[in-house]
Every structure is written in C-alpha cells, then in structure tokens.
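Novice: Structure for the following, please:
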Amino acid sequence: MEAIAEKENQLQAIVRESEIAPAKAKILLENFQDYFEVASQWEVKARAIVVTSGDQKEDMALAKEGRLELREKRIAVERVRKLLKEQSLREGKAIDGIANVMKALIVPIEDYLEQQERFVEIQEERKLEAKRLEIERRMAEEDRLAQEKAAAEQERLRLENEKLKKEAEETAKKAATERKQKERERAKLEVERKENERLEALLKSQVTCPKCHHKFQMKKETI
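Specialist: Numbers count the residues shown, from 1 in each chain. Purely as a prediction, here's the structure:
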C-alpha cells in the first residue's frame, strides 16, 4: 500500500509541477484515476503470482487475465492521452487565435498613443533624419562632381597629349621636308657651281681672232 500511495503522490507531484490550474489538474487526475487504481491493484496481485510448476494452472490463468486486463487499460490510457493532448492543442490554437485578434486590435492603438505621447521626440527624430539624408545627398553630389571633374581633367590631359603628339609629328615632318628641300637646293647649287666652272673653263679656252674678232674654241690638242 505504501508503494501505491507513493506512486499516487508522484502523479500529483507531476500535475503540481506543471503549474496548470487546479480545476484542470483535478480533471486530468480523474481521467487517469481508474486506470491508476486497476494498475495498483494488479501490482499487488502480480507479486502474489509466482509460477514454479506446470501444475499451477490457476496461477497461470490469473496471470493471463491480469495481463489482458492491463493491456486493455494501457491501450485505453494511450487513447485518453491522445484525446487530452488533442484537446489541449485545440485549446492552445484557440488561445493563440484569440491572442492574435486582441493584439491586432491593441497594437495599432498602442502605436498611435505612443506617437501622441512622443510627439516632440518624433519631430526631432524626423528633423535629424532629414538632416542626415540631406548630408548624405550633399556628400553624394560632391562625390559625383569630383568624379566628373577628375574625368574632365583626364580627358583634357588626353586631348593635350594628343595635341602635343600631333604637333611633334608635324614639326618632325616639317623639319624633314625642310631638310630635304635644303638638300635639293644644295644639290642644285652644286650643279650650278659645276656648270659655271665648266662655262668659265670654256671661256678661258676660247681665243678671239684679231682680224674678225670671232671667238674660237681651242682644241685640247693645241693647248
């Protein structure tokens, strides 16, 4: 009997530690009380059944009876467990649904009242946010202008380099043209010099007839 009382106390302790409402705790214990009593009774009976010989027909039959009855109670306990758990889950869903509806009703009102309560703070926060956004906008604009300026400077330098390169090429081309022109002029002068020297040589080799004053070219053999 002490063992049965101890187990009954364990059931009550489990319900108590779960911290459920007393009314629900009572219903819960009542649902399992009959099964608990049957199991407790058979716990005592089972200890008295000790089969040591095949002749103990009555003891074996009693053991079978107890086993089948306990099996039936165990299955019934499982059914009750599932039923109570399903009811608990449905109850939990209902509680969640009601709570969600209440929160959907309360939260907007709460938010609105908070806005009224913190009107001054909210206005200051909005001003600070507007200033922050303006600063970010200005910084972004300055960065954009700086990038455009840098790109324009790079383009200017590129065009300047192209211009200098083109001027250098034109200067080199002009210098080459002038050099060739001077070379042609020197060659022309050289030709003219040689022609003059030849003409002078011819003039020097001519003689004038004292009678008719006609000039004759002297042959090289007579010279």
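Novice: Tell me how far Gln56 lies from Ile49.
Specialist: Applying Cβ to Cβ, to the nearest Å, the value for Gln56 to Ile49 is 9 Å. Just so you know, the C-beta spots here come from the backbone N, C-alpha and C atoms, and that holds for glycine as well.
Novice: residue boundaries of the helices in the chain?
Specialist: All helices of the chain, identified by DSSP state H, fall at 2-17, 22-48, 57-117, 119-205.
Novice: pLDDT on the first one, on average?
Specialist: Going back to what we said before, that points to helix 2-17. Taken as a whole, helix 2-17 has an average pLDDT of 61.
Novice: Alpha carbons only: can I get stretch 47-65 in PDB?
Specialist: Provided in PDB are the C-alpha atoms of stretch 47-65 (Å, rounded to 0.1, in the frame of the first residue of the first chain):
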ATOM      1  CA  ARG A  47       3.500 -10.200  -6.600                       C
ATOM      2  CA  ALA A  48       1.500 -13.000  -5.300                       C
ATOM      3  CA  ILE A  49       1.700 -15.000  -8.500                       C
ATOM      4  CA  VAL A  50       4.900 -17.000  -8.600                       C
ATOM      5  CA  VAL A  51       4.700 -19.900 -11.100                       C
ATOM      6  CA  THR A  52       7.300 -22.500 -10.500                       C
ATOM      7  CA  SER A  53       5.500 -25.600 -11.900                       C
ATOM      8  CA  GLY A  54       3.300 -26.500 -14.800                       C
ATOM      9  CA  ASP A  55       0.700 -27.700 -12.400                       C
ATOM     10  CA  GLN A  56      -0.200 -24.100 -11.300                       C
ATOM     11  CA  LYS A  57      -3.000 -23.800 -13.800                       C
ATOM     12  CA  GLU A  58      -5.000 -21.300 -11.800                       C
ATOM     13  CA  ASP A  59      -2.000 -19.000 -11.200                       C
ATOM     14  CA  MET A  60      -1.100 -19.100 -14.900                       C
ATOM     15  CA  ALA A  61      -4.800 -18.300 -15.800                       C
ATOM     16  CA  LEU A  62      -4.800 -15.500 -13.300                       C
ATOM     17  CA  ALA A  63      -1.600 -14.100 -14.800                       C
ATOM     18  CA  LYS A  64      -3.200 -14.200 -18.300                       C
ATOM     19  CA  GLU A  65      -6.300 -12.500 -17.000                       C
END
